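> build the 3D model from these lines:
(2 chains)
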2 protein chains.
Amino acid sequence: MTNQRNDRIEVLESDANPNVKRWRRLATDPRFVKKAGTTLLEGAHLAECYFHTGLPVTNLLVAQSANAEARHWVETYVRERGLRPRVVADRLWQTLSPVEHGVGIMLEVPVPKTEDVDFSHEDVLYLDGVQDAGNVGTLIRTAVAAGFRTIAGSPKTAGFYAPKVMRAGMGAHFGAKLIENCPIDVFAERYEGTILAADARGGEDLFAADDYASGPVCWILGAEGPGVSSEALAKTHRRFYIPIEEACESLNVGAAAAVCLFDVRRRRLARR
Amino acid sequence: MTNQRNDRIEVLESDANPNVKRWRRLATDPRFVKKAGTTLLEGAHLAECYFHTGLPVTNLLVAQSANAEARHWVETYVRERGLRPRVVADRLWQTLSPVEHGVGIMLEVPVPKTEDVDFSHEDVLYLDGVQDAGNVGTLIRTAVAAGFRTIAGSPKTAGFYAPKVMRAGMGAHFGAKLIENCPIDVFAERYEGTILAADARGGEDLFAADDYASGPVCWILGAEGPGVSSEALAKTHRRFYIPIEEACESLNVGAAAAVCLFDVRRRRLARR
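Next up, the predicted model:
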């Protein structure tokens, strides 16, 4: 490992090390992220996205057997930010990383303060009780790609800054306004656009509907199984179903969101 | 556990039991699925979908601490198919199940023989090197929901019948024609429709394109990172990109497929 000061770099081997303990709790307990005020970003892609934001890094973690791509980013951070890498024994690394076969780099970074974001006239994706971390990260990524840069979540939705969510978001977090833990009635009271729900149980045919997206819209997506809650449906202005094939079939929440969010994008682009 | 013959049901506790050994290999080694000729279906939803196909069940597995939903399905299979449940100790169950907190039921079922399916005039989703089992299962599910009932995969794509793929497919497998291990040149030689590639690197704007879906189409989706291979692009008639927001953003393969497959569905429905 490159080291500007040329002294021997300590390899963290002990579970009892206070940093290791904190990183493990960040990796395994999503609620601890809020308490600690930091999270972990895994992998070269996230490191690269984060580097370009210019935001501060709390710790630079590197696996003892990190690969060349990870070492490149460690060197960049050491050179340009003056950070001292924390080398972690591979056995411990496996218990910290949200992926099984990662490249061997993580950043511990401060969780951005959720400012009092004014979302009243934004396009919003509202997640209603989506608990799976991978799904939530993918949904944030899909939303930002579709031009929905504000994502809100109900109290039962997985925390947006858990390491697994950050990982699945693949950098989309850094281009988004994220509002966690926001009950639907609080949201609806402040929102000035049209609230739309994706509901497999009925409503209007998404593709046949007249233009519903001339002003700001909020798409509500619910968890698989329960779908959008009755509380959220009560705040909904228009309810849509995606016209899928009949039979036993259904869509997972990530696919349903992609169809709904990009239907808005298609309609907006067609008007230009 | 209900048992019609009222004798004591043996609980499988040993790793050395030949059934347990086979189930573990099915759970952990996707290549073994082909050799064994069977796979595992986890959960009440898959059990229900499979039950309605009327197809044979090799073994009915139930966790020692299965929940009520699983017990319902065990009783149904015992009553209507005369199957004897194989009760598996919870410690072993954890090593067999593709999900962490399942209900405690699995079926071992024969893998359908891949007949010499005539796909020449079908709408097809072709997966080009998609290796992640969860992604492949979700893609099969999205395709069937969009009306693409034929799914083909390149030799580098994950096997369609691995337990994790079955689980993510949520029953869509049973309504699909699946063609594994099919090189793109073999596919293209026999295919009579239009071959389309989703390629983030360029091509036509998907939403602005003129009607490309009047006849049968095959959408090719590649793995994240590499994208569609040069071999597959060489067989492609039209190449499209999804007009996403600029910046660091991209779509995961499941979201990209949902947008592409439902774009065809929307265009077809609009013509009716």
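
> quick one: is the helix ranked longest in chain A near chain B?
If each helix of chain A is counted by residues according to DSSP state H, the longest one is helix A:253-271. Yes: shown here: helix A:253-271 in contact with chain B (CB under 8 Å from any CB of the partner chain) through A:Gly254, A:Ala255, A:Ala256, A:Ala257, A:Ala258, A:Val259, A:Phe262, A:Arg265, A:Arg266, A:Leu269, A:Ala270. Every residue, glycine included, has its C-beta placed from N, CA and C.

> residues touching the spatially closest residue to A:Leu261 that is not a sequence neighbour, list them.
Using CB to CB, 6 or more residues apart in numbering or on different chains and skipping the chain neighbours, the partner closest in space to A:Leu261 is A:Ala146 (3.8 Å). Contact partners of A:Ala146, counting by CB atoms under 8 Å, 6 or more residues apart in numbering or on different chains, are A:Ala258, A:Leu261, A:Phe262, A:Val264, A:Arg265, B:Ile244, B:Glu245.

> number of nearby residues for the third one?
A:Phe262 has 29 neighbours, counted by other CB atoms under 10 Å in any protein chain shown.

> and if you look at A:His72?
A:His72: 16 neighbours (other CB under 10 Å).

> ok, it touching A:Ala47?
No: the pair A:His72 / A:Ala47 is not scored as a contact, 9.3 Å apart, by CB atoms under 8 Å.

> rewinding a little: most neighbours, which of the contacts of A:Ala146?
A:Ala258 (31 neighbours).

> test my guess that it contacts A:Arg141.
No: using CB under 8 Å, A:Ala258 makes no contact with A:Arg141, being 10.1 Å away.

> can you work out which residues contact both of the two?
Here A:Ala258 and A:Arg141 share the contacting residues B:Leu251, B:Ala255, scored by CB under 8 Å, 6+ apart.

> ok, and the closest non-adjacent residue to whichever residue of the stretch 51-200 of chain A sits closest to chain B?
Going by CB to the nearest CB, chain B is nearest to A:Ala145 of the stretch 51-200 of chain A, at 4.1 Å. Closest residue to A:Ala145 apart from its sequence neighbours, by CB to CB, 6+ apart: B:Ile244 at 4.1 Å.

> test my guess that the one you found contacts B:Ser250.
Yes: between B:Ile244 and B:Ser250 there is a contact at 7.2 Å, judged by CB under 8 Å.

> so for the two, which residues contact both of them?
Residues touching both B:Ile244 and B:Ser250 (CB under 8 Å, 6+ apart): A:Ala145.

> show me the helices in the stretch 151-272 of chain A, by range?
In the stretch 151-272 of chain A, the helices defined using DSSP state H, counting those that start in this stretch lie at A:163-169, A:184-190, A:230-234, A:253-271.

> pick the most deeply packed of those helices.
Among the helices of the stretch 151-272 of chain A, helix A:163-169 has the highest mean neighbour count (mean count of other CB atoms under 10 Å in any protein chain shown), at a mean of 25.

> ok so, going back, which pair in the residues of helix A:253-271 next to chain B spans the largest distance?
A:Gly254 and A:Ala270 (24.3 Å; CB to CB).

> can you list the residues of chain A near chain B?
A:49, A:52, A:138, A:141-142, A:144-147, A:170-172, A:174-175, A:207-208, A:242-245, A:247-252, A:254-259, A:262, A:265-266, A:269-270.

> so A:Val99 versus B:Cys49, what's the distance?
Here the distance between A:Val99 and B:Cys49 works out to 30 Å (CB to CB, to the nearest Å).

> who has more neighbours out of these two?
B:Cys49 (21 against 12).

> residues in contact with the residue nearest the centre of chain A?
Nearest residue to the geometric centre of chain A (CA atoms, centre = their mean): A:Gly137, 3.6 Å. Contacts for A:Gly137 (CB under 8 Å, 6+ apart) come out as A:Lys164, A:Val165, A:Met166, A:Arg167, A:Ala168, A:Gly169, A:Met170.

> now it: how far from A:Ala162?
9 Å.

> where do the helices sit along the stretch 1-150 of chain A?
So, for the stretch 1-150 of chain A - with DSSP H, counting those that start in this stretch - the helices run A:18-28, A:30-36, A:44-53, A:68-81, A:90-96, A:133-145.

> so which of the ones you listed is the most surrounded?
Among these, highest average neighbours (mean count of other CB under 10 Å) belong to helix A:133-145, with a mean of 26.

> tilt between it and helix B:253-271?
With axes from the mean of the first three to the mean of the last three CA atoms, to 10 degrees as the basis, helix A:133-145 and helix B:253-271 are set at 60 degrees to each other.

> state the mean pLDDT of helix A:133-145.
Averaging pLDDT along helix A:133-145 gives 96.

> what about chain A, any weak spots by pLDDT?
Along chain A, the parts satisfying pLDDT under 70 run over A:1-8, A:114-115, A:247-248.

> how does it look with 90?
The model of chain A has pLDDT under 90 over residues A:1-10, A:30-31, A:34, A:98-102, A:112-117, A:175, A:211, A:224-226, A:246-250, A:271-272.

> and A:Gly54, how many neighbours?
By other CB under 10 Å, neighbour count at A:Gly54 equals 7.

> same thing with the one 3 residues further on?
Burial of A:Val57 is recorded as 17 neighbouring residues (other CB under 10 Å).

> same deal with A:Ala200?
A:Ala200: 15 neighbours (other CB under 10 Å).

> next up, the contacts around it.
Going by CB under 8 Å, 6+ apart, A:Ala200 touches A:Gly227, A:Tyr241, A:Ile242, A:Ser250, A:Leu251, A:Ala256.

> can you select the buried ones from these in PyMOL?
Of the contacts of A:Ala200, the buried ones can be selected in PyMOL as follows, counting by 16 or more other CB atoms under 10 Å in any protein chain shown:
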select buried, chain A and resi 227+241+242+250+251+256
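
> save the contacts of A:Ala200 as CSV, and put in distance to A:Arg22 too.
Supplementary listing: the contacts of A:Ala200 in CSV, determined by distance: CB to CB, whole Å:
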residue, distance to A:Arg22
A:Gly227, 37
A:Tyr241, 45
A:Ile242, 43
A:Ser250, 40
A:Leu251, 38
A:Ala256, 37
